[in-house]
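>>> the sequence and its predicted three-dimensional model are supplied below.
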Amino acid sequence: DPRLAQEPVLPGFEPPRSKVDVPETVGDAEAVAEMRRAGAALEGMEDLRGAIKKSLGWLLIARAIKLVVNAVATITLARLLEPRTFGIVSMAGIFVGFTKEFQGVGLSKAAIRHPDTTPDHISTLFSANAFASCGLCALLWVGAPLLEIIFREPDVVPVLRVLALGFLVNPFSSAATVIL
């Protein structure tokens, strides 16, 4: 009934017009102040929700772009290389991709989340990432002959060793990411 929606619930009572518009006559001034703080917190939560939605949108766009670029690169390699050569690159790529999961061990994300990142933190991050990256590069370099045994393909060794050198670039990008 539209008539009920227009009439106040209690005679003489006007509901607050916003979350923080609480009349002083409700009761204790301390309770009113608490209600206003809660209203301000709710408004802050709405801002946070908006920021989260916006960040998730950008993250989704970035992942989609990365997926498209990877698909285009894979299709291009498949068209340019002979099937045997493409298979060799794929064999090496499996191990490089698996090893990349251990690179950085989340230090960059921890430094980004730290509220007061100093130049000392960034220097330590760079050193730790450089050490981990060199170790992973050496692991792939030394382990490359194992792939030759597993796949019975001698040409996979030089390809894996060249791809392993890419690990030496990561410390520079991780420090820059934290600074940004």
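Looks like it arrived, so ask away.

>>> all the helices of the protein, residue numbers only.
For the chain, helices defined by DSSP state H occupy the ranges 2-6, 29-80, 83-100, 107-113, 119-151, 156-164, 170-179.

>>> buried stuff in the fourth one?
Read it as helix 107-113. Leu107, Ser108, Ala111 (16 or more other Cβ atoms under 10 Å). Heads up, the C-betas are built off the backbone N, CA and C, glycines and all.

>>> picking up where we left off before, reformat the helices of the chain as JSON lines; add mean pLDDT.
Rendered in JSON lines, the data for the helices of the chain read as follows (pLDDT from 0 to 100):
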{"stretch": "helix 2-6", "mean pLDDT": "51"}
{"stretch": "helix 29-80", "mean pLDDT": "79"}
{"stretch": "helix 83-100", "mean pLDDT": "89"}
{"stretch": "helix 107-113", "mean pLDDT": "72"}
{"stretch": "helix 119-151", "mean pLDDT": "87"}
{"stretch": "helix 156-164", "mean pLDDT": "93"}
{"stretch": "helix 170-179", "mean pLDDT": "71"}
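
>>> okay, those helices, which one's buried deepest?
For those, ranked by mean neighbour count under the definition mean count of other Cβ atoms under 10 Å, the leader is helix 156-164 at a mean of 19.

>>> quick one: that helix to helix 119-151, angle?
Helix 156-164 and helix 119-151 are oriented at 170 degrees to each other (axes from the mean of the first three to the mean of the last three Cα atoms, to 10 degrees).

>>> what is helix 156-164 packed up against?
Using 3 or more Cβ pairs under 8 Å, 6 or more residues apart in numbering; DSSP states H and E as the contact criterion, the neighbours of helix 156-164 among helices and strands are helix 83-100, helix 119-151.

>>> can you tell me which of these comes nearest to Thr76?
Taking Cβ to Cβ as the criterion, helix 83-100 is the member of these that comes nearest to Thr76, at 10.6 Å.
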